[in-house]
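only the shape, not the letters, is given here:
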C-alpha cells in the first residue's frame with residue numbers, strides 16, 4: 001500500500017483500518033512510502049496505490065504484472081486536471097470550460113468570473129476565484145505554471161459521488177456560504193445526498209471509459225443548473241463518510257479487493 005510520507009501522516013487512522021481489515025480477508029498489507037519505492041526482494045500480490053504517483057501503478061501493471069487499485073490509467077489521468085478535462089470531453093462527458101496556461105504562454109481569455117487552480121492540486125488547495133481583469137492579470141503573472149483557468153460554476157456548492165467497484169457507493173453534497181470552494185477540509189458543510197438519474201447515468205458513462213475501483217467523481221452545477229464533472233479524485237478521502245454515515249469505506253474497499261483477487265486466481 002503506497003502513500004506519500006506527508007499523506008501517510010495525515011491518514012494514519014485510515015491506514016490502520018485498512019491493515020486491520022485485510023487480515024480477516026486473508027490479506028496482508030504493508031505501508032510503503034512512495035518516496036522509497038518498492039521494498040527490495042519482494043514482489044507483492046497486489047498494490048493499493050494512494051500516492052497519486054502513476055509510475056508506481058505502471059510498474060505494477062507492466063513490469064510486475066500484478067493488479068493495482070486504482071489502475072495506472074486512472075491515476076495518470078485523474079491527477080492531471082487538464083488531462084481529466086480533455087479525456088472526459090473526448091468521450092462526450094460534460095465538464096466546465098477549461099484552458100491550461102503553460103510555460104511562456106499567455107492565458108487564453110475566458111469570460112470572467114473564473115477559477116484558477118493548480119493542474120495537479122487536490123482538496124481545494126491553491127484554488128482562487130478571479131472576478132476582475134486585475135485579479136486575472138495577477139494570477140497569470142504569479143501562479144506557478146502550468147495552471148488551469150476554468151469557467152466559474154455555481155459557487156460554494158458541489159456533489160461528491162463515491163464510486164466503489166464501478167458502482168455508486170455514497171454521495172455527499174458540500175456547500176459553503178463563506179467560500180466559493182465547498183471542500184469539507186476547508187470548513188464547508190456536508191450532508192448525504194441521493195443521486196438522481198442524471199448523476200447515475202454520468203457515473204456509468206465515466207466507468208465505461210475509465211473503470212474506477214475506488215474514487216470520487218465531483219459534480220458541479222452550471223449557472224443554469226446543469227451538471228458538469230469538475231474532477232475525479234483518485235486517492236479520495238473518506239472523512240465525510242465516516243462523519244455522516246454508518247458506512248465503513250476501509251472495510252468495504254478491502255472486501256472488494258479480496259473478492260477481485262479471489263476471482264482472478
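It's in. The model shown is predicted, which means the values in this text are computed figures rather than measured ones.

going forward, measure contacts and count neighbours with C-alpha atoms only.
Fine.

tell me which helix or strand of this protein sits lowest on mean pLDDT?
Across the helices and strands of the chain, mean pLDDT, DSSP states H and E gives its lowest value to helix 133-142, namely a mean of 87.

give me the buried positions along it.
136, 139, 140 (16 or more other CA atoms under 10 Å).

shouldn't the first one be in contact with residue 130?
What that stands for is residue 136. Yes - between residue 136 and residue 130 there is a contact under CA atoms under 8 Å: 5.7 Å.

so where's the stretch 101-250 of the chain shaky on pLDDT?
Judged by pLDDT under 70, the stretch 101-250 of the chain has its weakly predicted residues at 103-109, 123, 177-188.

one more time with 90, if that's ok
For the stretch 101-250 of the chain, applying pLDDT under 90 flags the ranges 101-113, 117-129, 133, 136-147, 150, 154-157, 175-189, 223.

can you give me the strands for the stretch 1-150 of the chain?
2-3, 32-33, 47-48, 68-69, 98-101, 114-118, 128-130, 147-151 (DSSP state E, counting those that start in this stretch).

save those strands as TSV, and put in distance to residue 167 and mean neighbour count too.
Putting the strands of the stretch 1-150 of the chain into TSV (distance: least, CA to CA, whole Å; neighbours: other CA atoms under 10 Å) gives the following:
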stretch	distance to residue 167	mean neighbour count
strand 2-3	24	23
strand 32-33	28	18
strand 47-48	19	22
strand 68-69	15	22
strand 98-101	28	20
strand 114-118	29	23
strand 128-130	32	20
strand 147-151	28	24
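
which stretch among the ones you listed comes nearest residue 170?
Among those, strand 68-69 comes nearest to residue 170, with 18.8 Å by CA to CA.

circling back to that earlier point, just put the strands of the stretch 1-150 of the chain in TSV and tack on distance to residue 199.
Formatted as TSV, these follow (distance: least, CA to CA, whole Å):
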stretch	distance to residue 199
strand 2-3	30
strand 32-33	35
strand 47-48	27
strand 68-69	24
strand 98-101	21
strand 114-118	23
strand 128-130	26
strand 147-151	21
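
returning to that earlier point: relative orientation of the least confident helix or strand of the chain and strand 114-118 in degrees?
Here helix 133-142 runs at an angle of 20 degrees relative to strand 114-118 (axes from the mean of the first three to the mean of the last three CA atoms, to 10 degrees).

how close does the residue positioned nearest the centre of the chain sit to residue 219?
What sits nearest the mean C-alpha location of the chain, by CA atoms, centre = their mean, is residue 233, with 0.5 Å. Counting by CA to CA, to the nearest Å, the separation of residue 233 from residue 219 is 11 Å.

run the angle between the least confident helix or strand of the chain and strand 147-151 for me.
Going by the same axes, to 10 degrees, helix 133-142 makes 160 degrees with strand 147-151.

and the pLDDT for the closest residue to residue 31 other than its chain neighbours?
Among residues not flanking residue 31 along the chain, residue 1 sits closest, at 5.0 Å (CA to CA, 6 or more residues apart in numbering). Residue 1 is assigned a predicted lDDT (pLDDT) of 97.

can you show me the helices along the stretch 151-265 of the chain?
According to DSSP state H, counting those that start in this stretch, the stretch 151-265 of the chain carries its helices in the segments 197-209, 239-244, 249-264.

helices and strands around the first one, which ones?
Using 3 or more CA pairs under 8 Å, 6 or more residues apart in numbering; DSSP states H and E as the contact criterion, the neighbours of helix 197-209 among helices and strands are strand 167-175.
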